[in-house]
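> sequence first, then the predicted structure:
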Amino acid sequence: MVEGKVAIVTGGTRGIGYSIVREFLKNGAKVALAGSRKETVDKAIAQLAEEGLADNVMGICPNLTSPDEVKEAFDAVVQRFGRLDVLCNNAGVSSRTPLVDYTLEEFEKVMALNVTAVFVCSQAAARIMIEQGTGGSVVNTSSMVGKYAQPSGCAYPTSKFAVNGLTLSLARELARHGIRVNAVAPGITHTDMVDALPESMIKPLIESIPLGRMGEPEDIACACMFLASDMSSYISGAVLPVDGLSRP
């Protein structure tokens, strides 16, 4: 589905992001895996090497809120692989802090990585794609809480509402350049963060999902791959639910 494409995946060292990288590589893409630290990037690439998937992957670790660092890293990807076709803005941080306990520092940290970084990376990728003149695809990781919110940790759903708005706005703005912008909105997904929650919390959540299970990172990765591929060439501005029909 993504044979021959060059992709950058932020937050690619673990969880959903790692699965996106893995599925892209398995399906013939060349991938730049972006992480917050060189150690975690190197570890992820070593894991991929164990599966024989490290030939067409490189690691980058810019500060995603720094336009200069992101530009330098993205330019290095183009220098290595020759072009850029896909950006997956997957890096993010969640929050469950009640409103009365929130600090401004925590709120701004969530917004910086979940919103500002999406803007900075999308801008850098769009500049490259526009100069190439061959279109491209941007896929943002939103969340179902970006539609239904959650009972605490208001910064997180606020950031995902913003991601949805940015997705639609950029889809309209970049369409004339042949650049499509979409988002996936995962529901409850089996990651290490979910594994850390008590069974008493997880079991009722799973029972509320009509398909009878929580999502796997591969479910989200396959949705991202579809939106990145030419199979979705007439889809832009969509926020695709990947949630087993879970609703609050």
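All right, it came through fine. Numbers count the residues shown, from 1 in each chain.
> only C-alpha atoms for contact and neighbour calcs from this point on.
Will do.
> which outside residues touch the one helix or strand Q79 maps to?
In this structure, Q79 sits in helix 67-81 according to DSSP states H and E. The contact list for helix 67-81 (C-alpha atoms under 8 Å, 6 or more residues apart in numbering) reads 6, 30, 32, 58, 60-64, 83-84, 120-121, 124-125.
> flag every buried residue along the longest strand seen in the chain.
Scanning the chain for the strand with the most residues, using DSSP state E, yields strand 179-186. Across strand 179-186, burial judged by 16 or more other C-alpha atoms under 10 Å covers 179-186.
> thinking again about what came up before, next step: the contacts of helix 67-81 restricted to strands.
6, 30, 32, 58, 60.
> so who does the second one touch?
Shown in contact with K30 (C-alpha under 8 Å, 6+ apart): 4-7, 24, 56-57, 81.
> how does it look with 7 Å?
4-7, 56-57 (C-alpha atoms under 7 Å, 6 or more residues apart in numbering).
> same question for the last one.
When the contact criterion is C-alpha under 7 Å, 6+ apart, the partners of I60 are 32-35, 73.
> report the central residue of this structure.
N90 (1.8 Å; C-alpha atoms, centre = their mean).
> strands of this protein, start to end?
In the chain, strands defined by DSSP E lie at 6-10, 30-34, 57-60, 86-89, 136-141, 179-186, 239-242, listed in chain order.
> ok, which of those strands comes nearest R172?
Among these, the nearest to R172 by C-alpha to C-alpha is strand 179-186 (8.5 Å).
> about what we covered before: and the contacts of I60 as a markdown table, adding pLDDT and neighbour count?
Shown next, in a markdown table, are the contacts of I60 (pLDDT from 0 to 100; neighbours: other C-alpha atoms under 10 Å):
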| residue | pLDDT | neighbour count |
| --- | --- | --- |
| A32 | 98 | 28 |
| L33 | 98 | 27 |
| A34 | 98 | 30 |
| G35 | 98 | 26 |
| A73 | 98 | 21 |
